[in-house]
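Q: sharing a sequence plus its predicted fold:
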Amino acid sequence: MIDPAALTRDAAALVSKDGWVRVSNAAFDTLASTGRAAGLTPLEITRSAELSEAVRRALEGTARRLDLALGRQSYLVHLAPLLRGEVLVLLRDVTEARRAEATRRDFVANASHELRTPIAAIRAAAETLLSGAIEDPAAARSFLEIVSRHAERLARLTQDLLDLSRIESRQWELALAPVHAAPIARQVVELLAGGAREKGLALGSTVPDGAVVKADARALEQVLVNLVENAVKYTAQGSVTISAEREDGGWVLSVADTGPGIERHHLARIFERFYRVDAGRSREQGGTGLGLAIVKHLVKAMGGDVGVESGAAGSRFWVRLPAA
Ligand code: ADP
């Protein structure tokens, strides 16, 4: 099952009957510290006892496939005995694919973990109701409130997960066109004014009417909603402001708050899925840990850039979009 077209990409070598590499391609040579594999044994080249043993067995006539880790690289190795008692060794670098698999596994594990918490809470409340609490109106009410709160959380989580997967699989088709940012910012302010008012926060937009960006209007609104929702959620007092500044070739939209700020060592990871500074606090506030990941994906899909600056005076999340 050797794909001939892959021969130039993969590291390939012929090992002779006595266990030395007889010929090798350039990719295989790079594995040797001397830059030349011919005349060395697979053990000398890779320092892998596992590969060396597999080559020995292949020289005895057994074809093999194995997964091999060399330093930080992962390889899929094919060993094929040839007619003259030689062995063809093929190493395919699968580091990227393995990394992507690991990311996917982590994501599924994280998502399942997030879903399990509200499901467990709903199940426990329902069982308590069924086993008698339903007869006591005050208790019944508080258990139903638990059910309702966690059902809402489940709904938000599944919505965010669906959004992310639609963006990543490009099913959320973005229609990029000139978009006036000011009316969208005003809509977002209107939408979230109630929550800000309840906390006594001043929420407003100073985006100038001239700010026209190349974007998808609905995606831009979603981006601003997520950023402003966060700013309102994590800010105890002061203000949340959307603004825009003209820059070479585009506009930088910002959502600035007077909240607690985010410690520097979290900043690099804050846009990752499920990454939170304080998981308990985020869940308490109804957060899913996916809001910023959705922001990043949408902005990337619109050909823009995102970032954050944060300090004792608050945080400023910014989105750079090309001018229309
Ligand atoms: P969440 O649903 O937890 O808010 P996000 O992806 O939207 O998820 O945000 C990730 C984390 O970034 C949050 O849990 C919070 O710790 C931090 N964060 C986001 N926005 C702000 C902000 N404006 N001020 C302080 N911390 C923030």
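A: Great, that's in hand.
Q: three-state assignment of V240?
A: With DSSP: H, G, I helix; E, B strand; the rest coil as the basis, V240 sits in strand.
Q: mind listing what L176 touches?
A: 214-216, 302-303 (CB atoms under 8 Å, 6 or more residues apart in numbering). In this view, the C-beta of every residue, glycine as well, is placed from N, C-alpha and C.
Q: just the residues contacting stretch 115-133, thanks.
A: For stretch 115-133, using CB under 8 Å, 6+ apart, the contacting residues are 139-140, 143-144, 146-147, 150-151, 153-154, 157-158, 283.
Q: before we move on, the earlier item: which single one of the contacts of L176 is nearest to G61?
A: G303 (55.9 Å; CB to CB).
Q: tell me how far that closest one lies from the ligand.
A: Here G303 is placed at a distance of 22 Å from the ligand (CB to the nearest ligand atom, to the nearest Å).
Q: you'd agree that residue is up against P322?
A: Yes - contact criterion CB atoms under 8 Å: G303 and P322 qualify, at 5.8 Å.
Q: now list whatever residues contact both of the two.
A: Joint contacts of G303 and P322 (CB under 8 Å, 6+ apart) are K214.
Q: show me where the stretch 151-300 of the chain has its strands.
A: 177-180, 202-205, 212-215, 239-247, 250-257 (DSSP state E, counting those that start in this stretch).
Q: show me which of the contacts of stretch 115-133 are buried.
A: The neighbour-count test (16 or more other CB atoms under 10 Å) marks 140, 143, 146-147, 150, 153-154, 157, 283 as buried among these.
Q: in helices, which of those residues fall?
A: 140, 143, 146-147, 150, 153-154, 157, 283 (DSSP state H).
Q: and which of these is nearest to G194?
A: Closest to G194, out of all of those and judged by CB to CB, is R153, at 19.8 Å.
Q: within range of the ligand, give me the residues from this structure.
A: Within the chain, the positions near the ligand by CB under 6 Å from any ligand atom are 230-231, 234, 257, 259, 262, 270, 276-278, 282, 287-293, 315.
Q: repeat that for 5 Å
A: With CB under 5 Å from any ligand atom as the criterion, the chain meets the ligand at residues 230-231, 234, 259, 262, 270, 276-277, 282, 287-289, 291-292, 315.
Q: got the contact list for L76?
A: Contacts of L76 by CB under 8 Å, 6+ apart are 65-68, 91-92, 94.
Q: quick one: which of those residues is most hemmed in?
A: L91 (22 neighbours; other CB atoms under 10 Å).
Q: ok, residues contacting the host helix or strand of that residue?
A: Assessed by DSSP states H and E, L91 sits inside strand 87-93. For strand 87-93, contacts defined as CB under 8 Å, 6+ apart pick out 2, 6-7, 9-15, 27-28, 31, 42, 55, 58-59, 68, 73-82.
Q: what is the burial count for R141?
A: 10.
Q: distance of it relative to the ligand?
A: Taken as CB to the nearest ligand atom, the span from R141 to the ligand is 28 Å.
Q: ok so, going back, quick one: buried ones out of the residues of the chain next to the ligand?
A: Applying 16+ other CB under 10 Å to the residues of the chain next to the ligand flags 230-231, 234, 259, 262, 270, 276, 282, 287-289, 291-292, 315 as buried.
Q: what's the separation between the residue of the stretch 51-200 of the chain found nearest the ligand and S310?
A: Minimum separation of the stretch 51-200 of the chain from the ligand (CB to the nearest ligand atom) falls at D160, amounting to 8.1 Å. Look at D160 and S310: by CB to CB, to the nearest Å, they are 23 Å apart.
Q: right, I'll call it a day here.
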